[in-house]
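Engineer: Provided below are the primary sequence and the corresponding predicted coordinates.
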Amino acid sequence: MGHDHHSHDHTHGANKKTLLISFLVITAFMVIEVIGGLLTNSLALLADAGHMLSDSISLLIALIAFKLGERAANYGKTYGYKRFEILAAVINGATLLIVSIYIFYEGYQRLFDPPEVASTGMLIIAVIGLLVNIIVAFIMLRGGDTENNLNMRAAFLHVLGDLLGSVGAIIAALLIIFFQWTWADTVASVLVALLILVSGWRVTKASIHVLMEGTPANVNLENVVQKMSDIDGVEGIHDLHVWSVTSGQNVLSCHIIVDGQMTVEESQQLLRKIEHELEQENIGHVTIQVETGEHPHEDTIMCQAEYVMEEHHHHGHSH
């Protein structure tokens, strides 16, 4: 087990544990908030609960995705189930969009006919909600990889949105208590809906980009081509593809043209050099086909080099 693999396993385990705790806390509170929203007649609380629902769905999906992602690759699915994580993010983003549209609609209705809101109850529940969100956000920042993992990031963004939702509900409740501004409840819920809309759109867009095999956000293709072209011995590059299987797993494949006089040993060194350069560019898995200028696709070096490179890949850097 390599060191990288071990550290990946560690963050993976930490992500899972973090998600489970967050999921349980948020789901429990969401139920409280729905009941509270219905009892106090507060749309802001219901909006926040809607956000929390999408949170708990997103956390659950993220958990399932991590679980499925662990399943080994097989002949039917050579990448295993790692893509499920991205599908999950798409579903999650779509849920958010639906929730926000519903709140907009409901808020629009209420502007013309604001109902009585039991503001004290609303305030109490919103304050508890704020505390719950702060705790969960803290757990996620401490325990999970919110920086690089799309799934964890999506879940974390939800929680931040919730946190702001609770703040909105608190301010609305205070305005109703002190100034009898019943419209504050509707305004707060619409603001929450805007937040949900934006984060939903972002998550959906990022996930669809991955599903469309788009170039990963953390890879600069111009740099990649430049670095490869700058290496001695590389005379041309074509059929270049860069994509990501799932968050943090970027893959590159291409054909390179080398001088026909190059020995197998030299072409091996060349490939190792390219691999090393590409690691600096956030690309962890590289497949390169070597061709010579005069006989592309036919030269024996190409077959040997590809075979050797695969061997080298499996055994790790054994020397």
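Structural biologist: Great, that's in hand. What you see is a predicted model, and the numbers here were worked out from it, not measured in a lab. Numbering: from 1, shown residues only.

Engineer: which stretches of the chain form strands?
Structural biologist: 234-246, 249-258, 285-292 (DSSP state E).

Engineer: kindly reformat those strands as TSV containing distance to residue 170.
Structural biologist: Placement of C-beta: from N, CA and C, glycine included. Shown next, in TSV, are these (distance: least, C-beta to C-beta, whole Å):
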stretch	distance to residue 170
strand 234-246	38
strand 249-258	41
strand 285-292	48
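
Engineer: Serialize the ones you listed to CSV and add fields for mean neighbour count.
Structural biologist: Shown next, in CSV, are these (neighbours: other C-beta atoms under 10 Å):
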stretch, mean neighbour count
strand 234-246, 16
strand 249-258, 19
strand 285-292, 19
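
Engineer: could you list the low-pLDDT ranges of the chain?
Structural biologist: Scanning the chain for pLDDT under 70 picks out the ranges 1-10, 150, 294-319.

Engineer: could you tell me which helix of it is the longest one?
Structural biologist: The residue-count maximum for a helix in the chain (DSSP state H) belongs to helix 3-40.

Engineer: buried ones in it?
Structural biologist: By 16 or more other C-beta atoms under 10 Å, the buried positions in helix 3-40 come out as 11, 15-16, 18-19, 21-23, 25-27, 29-30, 32-34, 36-37, 40.

Engineer: again with stretch 64-73
Structural biologist: 65-66, 68-69.

Engineer: of all those residues, which two lie farthest apart?
Structural biologist: Taking C-beta to C-beta, the two most distant members of those are 66 and 68; they sit 7.5 Å apart.

Engineer: give me the common contacts of the two.
Structural biologist: Taking C-beta atoms under 8 Å, 6 or more residues apart in numbering as the contact rule, residue 66 and residue 68 both touch residue 85.

Engineer: list the buried ones in stretch 94-105?
Structural biologist: 95-97, 99-100, 103-104.

Engineer: CSV for the residues you listed, including distance to residue 264?
Structural biologist: Conversion of the buried residues of stretch 94-105 to CSV gives the following (distance: C-beta to C-beta, whole Å):
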residue, distance to residue 264
95, 54
96, 54
97, 54
99, 59
100, 59
103, 64
104, 65
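
Engineer: what about those, which are in helices?
Structural biologist: Using DSSP H, the buried residues of stretch 94-105 in helices are 95-97, 99-100, 103-104.

Engineer: if we can go back for a sec, of all the buried residues of stretch 64-73, which comes closest to residue 118?
Structural biologist: For the buried residues of stretch 64-73, the nearest to residue 118 is residue 65 (39.3 Å; C-beta to C-beta).

Engineer: spit out the contact partners of residue 253.
Structural biologist: Contacts of residue 253 by C-beta under 8 Å, 6+ apart are 239-241, 286-288.

Engineer: what's the closest of those to residue 86?
Structural biologist: The closest of the contacts of residue 253 to residue 86 turns out to be residue 241 (C-beta to C-beta; 17.5 Å).

Engineer: I'd say that closest one and residue 224 touch.
Structural biologist: No: using C-beta atoms under 8 Å, residue 241 is not in contact with residue 224, being 11.1 Å away.

Engineer: overlap in contacts, those two.
Structural biologist: With the criterion set as C-beta under 8 Å, 6+ apart, the overlap between the contacts of residue 241 and residue 224 is residue 252.
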